[in-house]
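Undergrad: next one to model:
(4 chains)
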Protein chains: 2
Amino acid sequence: MELSRDPGAASGRVAAPTLHVRLTDADAIPFPTRTIERGDALYCAGEALRSLYTVQSGCFKTVATFPSSDDTNAPHTQVIGFHLPNETLGLDGVCTARHESDAVALETSVVRIMPVGILEPLCREYAAMQHELLAIMSAEIVRASRLALMLGTMPARERVAAFLLDFFERFDASAASSTEHATDVLLPMTRADIGSYLGLELETVSRMLSKLQREGAIGLNGRQVRMVDRAILAHN
Amino acid sequence: MELSRDPGAASGRVAAPTLHVRLTDADAIPFPTRTIERGDALYCAGEALRSLYTVQSGCFKTVATFPSSDDTNAPHTQVIGFHLPNETLGLDGVCTARHESDAVALETSVVRIMPVGILEPLCREYAAMQHELLAIMSAEIVRASRLALMLGTMPARERVAAFLLDFFERFDASAASSTEHATDVLLPMTRADIGSYLGLELETVSRMLSKLQREGAIGLNGRQVRMVDRAILAHN
DNA sequence: CGGCTATTTGAATCCATTCAAGGGGAGTGG
DNA sequence: CCACTCCCCTTGAATGGATTCAAATAGCCG
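TA: As a prediction, this is how the structure comes out:
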């Protein structure tokens, strides 16, 4: 009854287990799906938590809003996550039974809907499923902590580089097809989204991307990004 | 089998449920305790995850280390949490079965040790306990996301103010004794710790604290902080 | 009493923001 | 099909907030 295996996740990123990949039992359950158009919200902060969602295709951003200390000022708002296929949405709402953030589709996307009322009993029945849900939530804690670490310690250039490395890695992971690394990806989000996520202004993101291109780390054509030299990107 | 209640947590902070407060059944279980001296680590990043811990008394900081992109440079390191009595430590390790951060006692502290090998079966037996564990983990996700939001969007003064408000609130929550708000607290951490947590230099923290004192928001005497005017603190 | 660490405060520097302007691509309607 | 508009992106220049460097004070422990 040991907590977790996960040999491959030694030092680098945290593996992102998902309820439907690992648990073939769950695949037998007729969880419905839903299609969300680009720009539409899957859920909004404050709504009652009904389900957790697994991204089947497409991409989402989650946006957190902090009730500004000063009422007269605009509340602080920030993108706190991007979610690719096989990643789970809604975990932050379990504690209050209300969603704590907005989830907005960056392109037309499909999610699998897992009602929490079904999920919890299921987890009590199947040890593996319970363990997996706990692991997913833990991974989300680690992800959020890493974001905080990035925002707290890295200069702009490094943040953008780290974002790109992470995105390429997760893009590979979500494309279950080949074992190859993608060299080209099309970013589904705007510079403003990236900036919000990284705690930077969109101009700064644009500048750093341009700089990374000049340095020969990446190729750049609008939202199309080509990985040219991982070492340059990684090496500060 | 609805996910969570928690009437009081409408808009403000997230309630921090704890395994031993809510589950009287669990109190019957002879979970051992352990005393950690100031400066010593309860666990370190990379260690195998054996247990989760609930702070009984004292205070911890958790420190995350990011394997610096550039090997020649020092790795990025940051305090990503402070943990007061009744709060749970170790949740970030569930996903990889290894601790993802160091937990260091800021003063002599006592923790209750809950072996994960016991916890998981227990949660499958008791629905309330499973729900509670999920809620705790979810609250941790929200906490980490809030930290990221703070680091990504707030100027220095606001971060320090938010830190103080949060600390006072949690200090009250951890002192189960009275229903009164504490007006005086003794911060267990250094300015450097606070700065690391807030993504600021220790000098900046000191400056902002001084400024808040000049503005009449707080009284300050070393690590002794008196809450004078919450409104000033909250208003920008 | 020293020696140490923690804290405060000042002054100069720097990185990211802010303000501003121009280019480019997608979609719409004439 | 082209013109028009809207949004997104890029780049430059000036500003500003936080850092860095530096020095002095306060507090704690042996």
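Undergrad: ranges for the helices of chain A?
TA: Ranges of helices in chain A, per DSSP state H, are A:19-22, A:24-28, A:116-125, A:127-153, A:156-174, A:191-198, A:202-214, A:230-234.
Undergrad: where does the prediction get shaky in chain A?
TA: Chain A contains residues with pLDDT under 70 at A:1-28, A:69-72, A:236.
Undergrad: make it 90
TA: A:1-30, A:67-75, A:174-181, A:235-236 (pLDDT under 90).
Undergrad: can you list the residues of it near DNA strand C?
TA: Counting by Cβ under 7 Å from any atom of the strand, chain A comes close to DNA strand C at A:155-157, A:199-201, A:203-204, A:207, A:222. For glycine as for every other residue, the C-beta is placed from the backbone atoms N, C-alpha and C.
Undergrad: and these, which is closest to DNA strand D?
TA: Nearest to DNA strand D among the residues of chain A next to DNA strand C: residue A:203, at 4.0 Å, using Cβ to the nearest atom of the strand.
Undergrad: now render the helices of chain A as JSON lines, adding mean neighbour count.
TA: Listed next are those as JSON lines, based on neighbours: other Cβ atoms under 10 Å in any protein chain shown:
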{"stretch": "helix A:19-22", "mean neighbour count": "17"}
{"stretch": "helix A:24-28", "mean neighbour count": "13"}
{"stretch": "helix A:116-125", "mean neighbour count": "17"}
{"stretch": "helix A:127-153", "mean neighbour count": "23"}
{"stretch": "helix A:156-174", "mean neighbour count": "19"}
{"stretch": "helix A:191-198", "mean neighbour count": "21"}
{"stretch": "helix A:202-214", "mean neighbour count": "17"}
{"stretch": "helix A:230-234", "mean neighbour count": "15"}
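Undergrad: any chance of these in JSON lines, plus distance to residue B:234?
TA: Formatted as JSON lines, the helices of chain A follow (distance: least, Cβ to Cβ, whole Å):
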{"stretch": "helix A:19-22", "distance to residue B:234": "40"}
{"stretch": "helix A:24-28", "distance to residue B:234": "45"}
{"stretch": "helix A:116-125", "distance to residue B:234": "34"}
{"stretch": "helix A:127-153", "distance to residue B:234": "22"}
{"stretch": "helix A:156-174", "distance to residue B:234": "29"}
{"stretch": "helix A:191-198", "distance to residue B:234": "24"}
{"stretch": "helix A:202-214", "distance to residue B:234": "29"}
{"stretch": "helix A:230-234", "distance to residue B:234": "41"}
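Undergrad: for those helices, which one sits closest to residue A:98?
TA: Minimum separation from residue A:98 across these (Cβ to Cβ) falls at helix A:116-125, 12.0 Å.
Undergrad: got the angle for that closest one vs helix B:127-153?
TA: 120 degrees (axes from the mean of the first three to the mean of the last three Cα atoms, to 10 degrees).
Undergrad: ok now helix A:116-125, how far from the chain's centre?
TA: 24 Å (Cα atoms, centre = their mean, to the nearest Å).
Undergrad: for it, name the packing helices and strands.
TA: In terms of contacts (3 or more Cβ pairs under 8 Å, 6 or more residues apart in numbering or on different chains; DSSP states H and E), helix A:116-125 is packed against strand A:51-57, helix A:127-153, helix B:116-125, helix B:127-153.
Undergrad: now the second one and helix A:156-174, what's the angle there?
TA: Angle, helix A:127-153 to helix A:156-174, by the same axes, to 10 degrees: 160 degrees.
Undergrad: ok so, going back, export the helices and strands packed on helix A:116-125 to a markdown table and tack on distance to residue A:234?
TA: Shown next, in a markdown table, are the helices and strands packed on helix A:116-125 (distance: least, Cβ to Cβ, whole Å):
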| stretch | distance to residue A:234 |
| --- | --- |
| strand A:51-57 | 27 |
| helix A:127-153 | 14 |
| helix B:116-125 | 34 |
| helix B:127-153 | 22 |
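Undergrad: closest one to DNA strand D among the ones you listed?
TA: Of all the helices and strands packed on helix A:116-125, helix A:127-153 sits nearest to DNA strand D, with 8.7 Å by Cβ to the nearest atom of the strand.
Undergrad: anything in the closest one near DNA strand D?
TA: No - Helix A:127-153 stays clear of DNA strand D (Cβ under 7 Å from any atom of the strand), getting no nearer than 8.7 Å.
Undergrad: ok, that helix near chain B or not?
TA: Yes - using Cβ under 8 Å from any Cβ of the partner chain, helix A:127-153 comes into contact with chain B via A:127, A:130-131, A:133-142, A:144-153.
Undergrad: output the residues of chain A next to DNA strand C as a markdown table; include the columns distance to DNA strand D.
TA: Shown next, in a markdown table, are these (distance: Cβ to the nearest atom of the strand, whole Å):
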| residue | distance to DNA strand D |
| --- | --- |
| A:155 | 9 |
| A:156 | 12 |
| A:157 | 14 |
| A:199 | 12 |
| A:200 | 11 |
| A:201 | 9 |
| A:203 | 4 |
| A:204 | 8 |
| A:207 | 5 |
| A:222 | 6 |
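Undergrad: near chain B, list only the ones from those residues.
TA: Among these, chain B is touched by residue A:199 when using Cβ under 8 Å from any Cβ.
Undergrad: ok, the residues of chain A next to DNA strand C vs residue A:235, which is closest?
TA: residue A:157 (11.3 Å).
Undergrad: how far away is that closest one from residue A:217?
TA: 10 Å (Cβ to Cβ, to the nearest Å).
Undergrad: picking that back up, mind checking the helices of chain A for the one nearest to residue B:113?
TA: helix A:127-153 (18.1 Å).
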